[in-house]
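return atomic coordinates for the entry below.
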Amino acid sequence: MESVALVISPHPDDAEIGMGGTIASLIQQGVKVVVADLSDGEPTPHGSVEVRKEESREASKILGLTERRLLPLKNREIFDSVENRSLVAALIREVRPHLLFGPYWEDAHPDHVQAAALVESSRFYAKFVKSDLPHEPWYPRKHLHFFSTHMKVRFTPSFVFDISAHLESKIAALSAYRSQFSANPSNRGRIEEIRAEATYWGHQVGVSAGEPFVCRELVRISSAEALSRI
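Now for the predicted structure:
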């Protein structure tokens with residue numbers, strides 16, 4: 001059975017910030033990865049709907065993504081509502097991911113806080129048997145949280161994913177979002193900060209670069225090979 005990962009991101013570029021290297025690595029290892037942006041991210045000071053769409057396409061191509069969805073929620077108005085749960089649950093049932101990724105639940109940006117709750121709620125909704133949701137019920141095996149936060153949160157990851165071979169792809173994908181970084185004076189140093197963060201997390205586990213994740217549930221290890229590599 002094909003392994004599938006669904007990454008749900010509040011805005012275009014959040015997935016790349018939090019787990020761009022992991023996305024590239026999973027794709028290279030044969031995992032089907034689908035990214036779904038809850039909103040188009042606009043308005044922003046230096047962007048537009050058209051610009052953000054083109055930047056997202058370019059970043060996706062760099063990472064090797066072949067499927068990316070844009071959901072119709074509004075930037076600054078993302079809420080964990082019943083209507084939105086049904087929307088995201090329908091996507092989960094369609095894609096049928098084994099791994100579900102969403103943002104960390106503690107953040108200064110209300111969209112990120114609500115998106116974290118929305119993904120968790122939608123995972124539960126997706127398994128409903130008696131409902132009017134399209135597609136067959138599905139329950140992702142694990143829900144993992146990536147970090148794309150607007151505040152300096154202190155946390156202990158459940159694990160750090162080795163992105164040493166994919167750090168430059170992550171940086172190139174982020175650089176595709178010119179309206180959010182190079183064209184925005186307040187964010188021009190952010191990409192190098194993200195590089196430094198990846199280097200920090202990599203050093204914590206003895207590799208060149210890494211991305212941290214949190215899982216509220218225990219993470220299973222099922223092989224001696226996997227155990228020997230932690």
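
which strand or helix spans residue 169?
In this structure, residue 169 sits in helix 167-175 according to DSSP states H and E.

packing partners for that helix?
The contact analysis (3 or more C-beta pairs under 8 Å, 6 or more residues apart in numbering; DSSP states H and E) places helix 167-175 against helix 14-28, helix 49-63, helix 190-204. All C-beta atoms are positioned from the backbone trio N, CA, C, and that covers glycine.

what does the second one rub up against?
Counting by C-beta atoms under 8 Å, 6 or more residues apart in numbering, the neighbours of helix 49-63 from elsewhere in the structure are 12-13, 16, 20, 23-24, 27, 35, 37, 40-42, 44, 47, 68, 70, 169-170, 172-174, 176-180.

what about the strands in this structure?
4-9, 32-37, 68-70, 99-103, 142-146, 159-162, 210-215 (DSSP state E).

give the buried residues for the shortest one.
Just to be clear, that refers to strand 68-70. Of the residues in strand 68-70, 68, 70 count as buried by neighbour count, 16 or more other C-beta atoms under 10 Å.

who's in contact with the helix holding residue 169?
Contacts for helix 167-175 (C-beta under 8 Å, 6+ apart): 13, 16-17, 20-21, 24, 59-60, 62-63, 163, 181-182, 191, 194-195, 198, 208-209.

what comes up buried for it?
Quick answer for helix 167-175 (16+ other C-beta under 10 Å): 167, 169-175.

check contacts around residue 41.
Here residue 41 is in contact with 11-13, 47, 52, 75 (C-beta under 8 Å, 6+ apart).

let's go with 7 Å and repeat that
11-12, 47, 52, 75 (C-beta atoms under 7 Å, 6 or more residues apart in numbering).

among these, which one has the most neighbours?
Neighbour counts for the contacts of residue 41 (other C-beta atoms under 10 Å) peak at residue 12, which has 29 neighbours.

with pLDDT as extra columns, can I get the contacts of residue 41 in JSON lines?
Converted to JSON lines, those look like this (pLDDT from 0 to 100):
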{"residue": "11", "pLDDT": "98"}
{"residue": "12", "pLDDT": "97"}
{"residue": "47", "pLDDT": "94"}
{"residue": "52", "pLDDT": "97"}
{"residue": "75", "pLDDT": "97"}
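
nearest to residue 148, of those residues?
Using C-beta to C-beta, residue 11 comes nearest to residue 148 of the contacts of residue 41, at 8.8 Å.

does that closest one touch residue 43 like I think?
No: because the distance of 11.5 Å does not satisfy C-beta atoms under 7 Å, residue 11 is recorded as not touching residue 43.

shared neighbours, those two?
Listed as contacting both residue 11 and residue 43 by C-beta under 7 Å, 6+ apart is no residue at all.

for the protein, give me the ranges with low pLDDT.
1 (pLDDT under 70).

repeat that with 90
Within the chain, the stretches with pLDDT under 90 are 1-2, 150-155, 186, 188, 221, 224-230.

now the helix holding residue 169 against helix 49-63, angle please.
170 degrees (axes from the mean of the first three to the mean of the last three C-alpha atoms, to 10 degrees).

could you check the angle strand 210-215 makes with helix 167-175?
Using the same axes, to 10 degrees: helix 167-175 against strand 210-215 is 80 degrees.
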